[in-house]
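K.L.:
the sequence and its predicted three-dimensional model are supplied below.
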Amino acid sequence: MAFGFEQLETARVGTTLVTAFLASLVECVEALTVVLAVGSVRGWSSPLAGAAAGLVVLAGLVAALGPALARIPLHLVQLAVGTMILLFGMRWLRKAILRAAGLIPLHDEQAAYARSAAAMREAGPERSRGWDKLAFAAAFNIVMLEGTEVVFIVIALGAGGSGLLLPAGLGALAALIAVAGLGFALHRPLARVPENTLKLVVGVLLSGFGTFWVGEGAGFAWPGPAAANPDLAIPCLMAAYLAIALCMVPACRSRARAAAVEG
Amino acid sequence: MRWLQSVGREVLGLFVDDGSYAGAILVWVGLAVAVLPRLGLGAWDGSVLFAGLAAILVESVLRFAGRPK
């Protein structure tokens, strides 16, 4: 059966949605840890209000910046956003490879939770008219900090073609709902989420998208079946980055062992 | 002003962990966009772009792994 235009469009929309969902999942888990730590120490109303305020600002950023990019010629957007996605995705990929090889420590949600809770306890009471400014600010800051990455991912993925902003936004929203729902049901950080595996997968997906968009923005051609249907280059690039990442994990371990013996 | 600086640092941090790694990616993308279309590689432009990026990734992680601890 021939792989037609409609299937390609569906695959592109699906990949955009899944990439936005997985990338946002990682950031939402990190934000949730701090919001839970603040809420458990200082009560829930102020940190929840801070988190909600952060989400409103972030949604405003997506609503303002996303459609604005649609007015710029697509090849310029692909070149600029593709380069930024490449920097972002390859940064995640490099870090995930080094973490998987045991060369840099894994992100520890329980430790982050304990650190944030201790900081909130040490800060002492700070309330005015029923509001805990410190708890509000801590939750607002972490939502803005982690959410900026989500906003960038949503806007960048949405800028890759017409109609992609909606699936990218829905992917991020689904991640937020899933993490918030789980977090508030369990009342503890989601420490069992395989964060580094997710980061590696997202790094692979974003590096594939970034390479493709830089190539498309520069007017590059792709070999094989992708010459006729350039979108076919996206899964090929992702598969190639994944293969390299999986080869690099044991290669880095061996290299580190050899360096330790020499040193 | 300090707030703006911290926002700037956070935004930069989205893209840059290792300066030489990010710099190499930017230089390669710039070179590829400027030079590859003039070389007449046809359908291999995109593959060469990818190969350069893959080489930068491999070099960076192996260099990190080989650093004295």
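P.N.:
Yes, it's here.
K.L.:
next, the buried residues of the helix or strand containing B:Ala54.
P.N.:
Assigned by DSSP states H and E, B:Ala54 belongs to helix B:45-65. Using 16 or more other CB atoms under 10 Å in any protein chain shown as the test for burial, helix B:45-65 gives B:45-50, B:52-54, B:56-58, B:60-61, B:64-65. Where you see a C-beta, it was placed from the backbone N, CA and C, and this is true even at glycine.
K.L.:
repeat that for stretch B:10-26.
P.N.:
B:15-17, B:21-22, B:24-25.
K.L.:
downstream neighbour of the helix ranked longest in chain A in the secondary structure list?
P.N.:
Ranked by residue count and defined by DSSP state H, the top helix of chain A is helix A:5-42. Remark: after helix A:5-42, the chain's next helix or strand is helix A:45-69, criterion DSSP H and E.
K.L.:
next, the angle from the next helix or strand after that next one to helix A:5-42.
P.N.:
Following helix A:45-69 in sequence order, the next helix or strand is helix A:74-100 (DSSP H and E). For helix A:74-100 against helix A:5-42, the angle by axes from the mean of the first three to the mean of the last three CA atoms, to 10 degrees is 50 degrees.
K.L.:
centre of the chain versus helix A:74-100, how much separation?
P.N.:
From the chain centre to the centre of helix A:74-100 is a distance of 11 Å (CA atoms, centre = their mean, to the nearest Å).
K.L.:
in that helix, what counts as buried?
P.N.:
Those buried within helix A:74-100 under the rule 16+ other CB under 10 Å are A:74, A:77-100.
K.L.:
check stretch A:166-174 too.
P.N.:
Buried residues in stretch A:166-174 (16+ other CB under 10 Å): A:167-173.
K.L.:
how far is that stretch from where the chain is centred?
P.N.:
The answer for stretch A:166-174 is 12 Å, by CA atoms, centre = their mean.
K.L.:
I would like the residues contacting that stretch, please.
P.N.:
A:13-14, A:16-24, A:62, A:66, A:150, A:153-155, A:157-158 (CB atoms under 8 Å, 6 or more residues apart in numbering or on different chains).
K.L.:
so how far is B:Val29 from A:Val179?
P.N.:
33 Å (CB to CB, to the nearest Å).
K.L.:
next, name the residue at the spatial heart of chain B.
P.N.:
The residue lying closest to the centre of chain B (CA atoms, centre = their mean) is B:Ile25, at 1.5 Å.
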